[in-house]
Each structure stands twice: as structure tokens, then as C-alpha cells.
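> Sharing a model prediction with you, sequence too.
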Protein chains: 2
Amino acid sequence: MKINVKECAAILQQQDNILILTHDHPDGDTLGCGFALCRALHALGKRARVINADEIPHKYGYLYNDIAAEDFQEQFIVAVDVATENLLGDLQNTYGGKINLCIDHHGTNTLYAENTLLEEVPAACETVLKLIKELGVQIDVGIANCLYTGITTDTGCFRYASVTADTFRAAAELVELGADNGKINRAMFETKTKTYARLEKLAIEGMRYYCNDRVAVIIVTQDMYAQTGSNETETEGLPPLTRQVEGVEIGLTIREKQDKTCKVSIRTFESVNAAELAKMFGGGGHPQAAACRVEAEVAEATKQLIEKCAVLLGD
Amino acid sequence: MKINVKECAAILQQQDNILILTHDHPDGDTLGCGFALCRALHALGKRARVINADEIPHKYGYLYNDIAAEDFQEQFIVAVDVATENLLGDLQNTYGGKINLCIDHHGTNTLYAENTLLEEVPAACETVLKLIKELGVQIDVGIANCLYTGITTDTGCFRYASVTADTFRAAAELVELGADNGKINRAMFETKTKTYARLEKLAIEGMRYYCNDRVAVIIVTQDMYAQTGSNETETEGLPPLTRQVEGVEIGLTIREKQDKTCKVSIRTFESVNAAELAKMFGGGGHPQAAACRVEAEVAEATKQLIEKCAVLLGD
């Protein structure tokens, strides 16, 4: 069932021993939502913890380093920023079909949870900010940093067309509450590790174009991780690069996973709906940024994706 | 004399035939201020126009394409976002010592104008927004686009540590008034012309490090423009690149001008004051972003700059 912020707050008030799940390959928005909500629930005297299917990139350490570990038998399960159950990754085996509450901002959400708080805002953290206020929790610097992180990362630092006046107002509020916007943006957008810099160089050199240069593809293989000392947690910076070349309408970043199947990030401009393409492969997302998995090896996955791109572009 | 927003509005109300000057190598903030103010003065029934020492980069066309040309004998001269008179470039010969009003946000402003409205906010457009409201002008989409452009470009799209809650509130207001934030950000930050892409590649390949890799230097020569089909108006994207490498504290972008002297952009992190370095060469700016000219050829200018960097870094 779809619920609003008020109803969501009322439900959470009645629960305890709350397990919060983020999506796989966690990014700033899912982690920001998860740890902000976890902190707010702790402030209400409840027990809560956040778990992920994949390793959390090192740069997000400040979101949770000061949260004490809690061990308890979960009684209530919340998924944040998770559009479909298969985006839970390896957690799907354990928690699929058991999600009590989902807080999300993807129009493609499949309403798999018992209750869903869905607002199509640029970052799910915008909704979690409203929720935490509705819960009556005083927002401290820790919560403000989590929520600011989600908003800035999911909007490309306020760059995307999806950003509204409300997004800016949420950011104003969070900065006033102590969010360290300069430091967070530097960590998120301006700092390249040397291993990532090497990976990025390889990725750009290997960029391929299809459909009369209207599609740009970056492929990241396990070999490239080995060669550069990098790993999957360092690939967030690649998808935006696929959109930067004049004339490109669809940018694909195809990451080879250890099991040889692929995880794909899709970026588009207004002319193409990224979520529509993702949906063809069981994924989801936003009109200009979406993701999916393709259960095939890189070459085959690329072929399948390009075929669908050609259809979408009317080629 | 320093004046406040109210006093500034009162002065402008009494004037007509107003000439607005921007700084040389005009960027989004100086142009946004200039054309927003010009539009506001037109709305008040006054005659006003904006002039620049250098060519306006093509991508800023939307700021003024719909403003009708006005020819008149100027009676009142305003400089916007111009910290020192020598930043007027070639306009200094004609207008030096004759500026009636300066609206600026640089702490290094030398108070060269008869009256100066100086607020140390991240973008001068933030102050011009307040001024236009004080003038009683209804802000239309044209003005909103100008002011949003100044704010987003001078804050690196809200990325810099200088951004405050007020900056976000100004952005919220402008988006509500119709500023096309998505389109503007795409034009400012996401679109690389092919000539710029070539220039950027050359510039990055030629990046040099000094002072134990704590200083990164990009040099752009007239030869490089010729080689890439690019020109000075396309170099705005380079200075941020100098800061992106791990460990770099000062990033210098040294542009060779046609007369073989140099125009230098300085970017730093908190550990070094960029404006202080700029001041040593008669320039000015902000703590983390500043600019100056060096009246020497590239090799000599680089040597002089690195010497000062070494002093600032305590090397």
C-alpha cells in the first residue's frame, strides 16, 4: 500500500528492532537514507541497524563511523531507495518478500513492500528529511550530513534537471543544521584516488561508440580492476563520463561482475528514457539515470543493450 | 564609500543612461550580474547596456540574446563583479577612475568606485538578486536565468565550501521564478565542444607538478589554441582540473595571451589562500579561487609563481 509521510512516521513509531536495507552497490542516497533513518530511530530510543549486500565505498565512512553496532533479532524490515527487490542484491535471498516498509523515490518502484512511501523527488533523502521531522527527532549534524550526502550525490551536486526549489530548500535547511557541504562535496566529487584515476584513464581510452555515435559505452572488466588496483566500489564516477561527449544521447557503463554477468548504469538526456531501457532488463531508475543487470558476459550483454538502444533511438 | 543594498537601490533609482561593465575574460557571474541588472533597469524604464573587454563565450548567449541594443551617451557607470580596476582589461583605459558604482563580492575589492556594494557571498549574483528585489522589479525568467547562471558558475554548481544556506535559498527562489536550472547546468558544465575536448586533453597531458607535487600547473599557449581550433573563451573548465589530483594544494592555470604575457587562474584548498597569492601579482579573488596577470612570458611567469607558491607552502 502507498502511504504518506505522516502515516509512515506513525508506523515507525510503533516498531522496534528495525533492520534497514540499502540497494546493492550502495551509493550516497541509499546510504544517506539508511544511516539518517538509523540515527533518527536511535534518537527515539529504538534499536536499528543498516545492512548492505556489497562493500560500502571507503569515502562514505563518515556516514556511520560513529554509530555503535547493534545486534538484535529484527522485527521490522525497511528498504530505502530500493526500486525493485532484485536491487537488494544478495540480500534478496534472505529478505525478499519480507519487506515491511519501503521508502523510495523511483517511479519504477514495484510496490513490493507491505507499505511504500514513494515520492518522485530527486533524492530519497529529501523524503527522509520530511519523515525524520515528522518523527519529531531533532536533526543533529550526523543526520544532516547523511541527508545532505544523499541529496548532493543523487543530483550530481544539484546539477540535474530534476532539482527543484524544494531540493534547494532542503539543502539550505541541512546546511543550517550543520551539514558540512564543502567537505562532503570534496570527498564525493573532487577527490580521485590514484587507483581510480588509473581505472578512469583505461575506461576513457576504451570508450566505444554505437548507433552513429549516439550511444557511448564504457566497459569495466575484472581484468581492469586487477590492472589498476581498483575495484567495483570505485566506479561511481564513470557513468557521468559517458554523457559528456557532444551528440551522445545514451551512455552505458557496463561493469563485469566476478560471476561474469554484468551490472549496467544508464545515463541519458531528455530524448531517451533511461528507466525504460533498464526495465527491458528487469532494472529500474529515473528518466535520465537508471541501472540494471544483464545475465550475460560482457560481449553478449553489450550486444543486447545496443540492440535495445537502437530501438529506443529509432535507428 | 561602502553602501548597502537599500542605499544602492536608491542611487540607481535616481540614475539613467547606465553603462554596466563586467570584468575581462567574462564568466557566468559577472555576465549574470550585468545582464540581470540591465534587464531590471530596462523594466524600470531606464536605458542601460552591458559592455566587456573580451569576447563573451558562445555558451552565454541566452543571457542577452533577447535584450534590444541600446545606444546612448552614458551618464552613470557601474562595474559588476570587478575586484580591481585592472580586471576591466582594455576597458580600463577608457573607464578607469570613472566608476560610479561597484557591486562585488571579492574581499580583495580595492574600493576604487565612488560607491561600492560589497557582500562577501559566494556569487555576486546573490547580492544582485537582493538589489533587484529592493528596486521593486518583478523578476522574470530572463532575470532569473541570469542570476541562477552567476550563482551556479561561481560556486562550481553549489560544490564549493563557500556555499551557504542563503545561497541555496536564492537558488530555490530563482528556480521557482522560472530559472531553467537543468538546461543552464548542462550548458555550463556538461557540454564539451570538440575543440575544448582536444584542448583539455593537451592541457592534462602537459600538467606539471612542483613543490613536492603540492602544486599542479596547466599551461595553455597560443600554439595550443591553434593546434586544437580552440581559443581563450573555452578555458574555463581547466582551473578545476588542477585541484583534482590527490595531494595538490595549489592549482595554477597559466594562459598565454596574444601579447605573450600571462593570465593566471589560481585554485587552492583550505591550506592556502588563493587571493593572497593573486595579490602578490596585483590580482585578487577569493580564498580558494583567484586570478592575476603576470607581465612575463610563460616560462618566466611560471618561475615567479612557483617561487611564491613555495613561500606560501613553507617549502
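Perfect, I can see it now.
> Quick one: mean pLDDT for stretch A:42-62?
The average pLDDT within stretch A:42-62 is 95.
> isn't residue A:232 right up against residue A:222?
No: using CB atoms under 8 Å, residue A:232 is not in contact with residue A:222, being 9.2 Å away. From N, CA and C alone the C-beta is placed, and that goes for glycine too.
> And these two? Which one has more around it.
Per other CB atoms under 10 Å in any protein chain shown, whichever of residue A:232 and residue A:222 has more neighbours is residue A:232, with 18 against 15.
> Quick check: residues of the stretch 151-300 of chain A near chain B?
A:152, A:156-166, A:168-169, A:171-173, A:175-176, A:181-183, A:185-186, A:189-194, A:197, A:243-246, A:269 (CB under 8 Å from any CB of the partner chain).
> For PyMOL, write a command that selects the buried ones of those.
Per 16 or more other CB atoms under 10 Å in any protein chain shown, the buried members of those correspond to this PyMOL selection:
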select buried, chain A and resi 152+156+157+158+159+160+161+162+163+164+165+168+169+171+172+173+175+181+182+185+186+189+190+192+197+243+244+245+269
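> Residue A:2 pairs with what?
On the basis of DSSP bridges, residue A:2 takes part in beta bridges with residue A:116.
> Let's see stretch A:299-310 as CSV, backbone CA atoms only.
The C-alpha trace of stretch A:299-310 is given here as CSV (Å, rounded to 0.1, in the frame of the first residue of the first chain):
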residue,chain,number,x,y,z
ALA,A,299,30.3,-9.0,-25.2
GLU,A,300,26.8,-10.5,-25.3
ALA,A,301,25.4,-8.0,-22.8
THR,A,302,26.8,-5.2,-24.9
LYS,A,303,25.2,-6.6,-28.0
GLN,A,304,21.8,-7.0,-26.2
LEU,A,305,21.9,-3.5,-24.8
ILE,A,306,22.9,-1.8,-28.1
GLU,A,307,20.0,-3.6,-29.9
LYS,A,308,17.6,-2.1,-27.4
CYS,A,309,19.3,1.3,-27.7
ALA,A,310,18.8,1.2,-31.5
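> could you give the mean pLDDT of it?
pLDDT averaged over stretch A:299-310 gives 96.
> Also stretch A:256-271?
92.
> With stretch A:191-200 instead?
82.
> for stretch A:130-150, same thing?
98.
> Centre of the chain to that stretch, how far?
From the chain centre to the centre of stretch A:130-150 is a distance of 18 Å (CA atoms, centre = their mean, to the nearest Å).
> What is the end-to-end distance of that stretch?
Using CA to CA, to the nearest Å, one end of stretch A:130-150 lies 14 Å from the other.
> Equivalent analysis for stretch A:198-213, please.
End to end - CA to CA - stretch A:198-213 spans 25 Å.
> Also stretch A:229-249?
End-to-end distance for stretch A:229-249, by CA to CA: 31 Å.
> Give me the buried stretch members for it, please.
Buried-residue list, stretch A:229-249, by 16+ other CB under 10 Å: A:230, A:232-245, A:248-249.
> I'd say residue A:233 and residue A:55 touch.
Yes: taking contacts as CB under 8 Å, residue A:233 lies within contact range of residue A:55: 5.5 Å.
> C-terminal to the helix or strand encompassing residue A:127, what's the next element?
Assigned by DSSP states H and E, residue A:127 belongs to helix A:124-134. Once the chain leaves helix A:124-134, the next helix or strand it forms, by DSSP H and E, is helix A:141-154.
> what's stretch A:290-305 in contact with?
For stretch A:290-305, the external contacting residues (CB atoms under 8 Å, 6 or more residues apart in numbering or on different chains) are A:86-87, A:108, A:217, A:219, A:221, A:252, A:254, A:256, A:260-266, A:274-275, A:277-285.
> May I see the ChimeraX selection of the buried members of these?
In ChimeraX, this line selects whichever of those come out buried by 16+ other CB under 10 Å:
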select /A:86,87,108,217,219,221,252,254,256,261,262,263,264,265,266,274,275,277,278,279,281,283,284,285
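> Can you list which of the contacts of stretch A:290-305 are found in helices?
Using DSSP state H, the subset of these located in helices is A:274-275, A:277-279.
> Output those in a markdown table, with distance to residue A:121 appended to each entry.
Below are those laid out as a markdown table (distance: CB to CB, whole Å):
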| residue | distance to residue A:121 |
| --- | --- |
| A:274 | 17 |
| A:275 | 15 |
| A:277 | 22 |
| A:278 | 19 |
| A:279 | 20 |
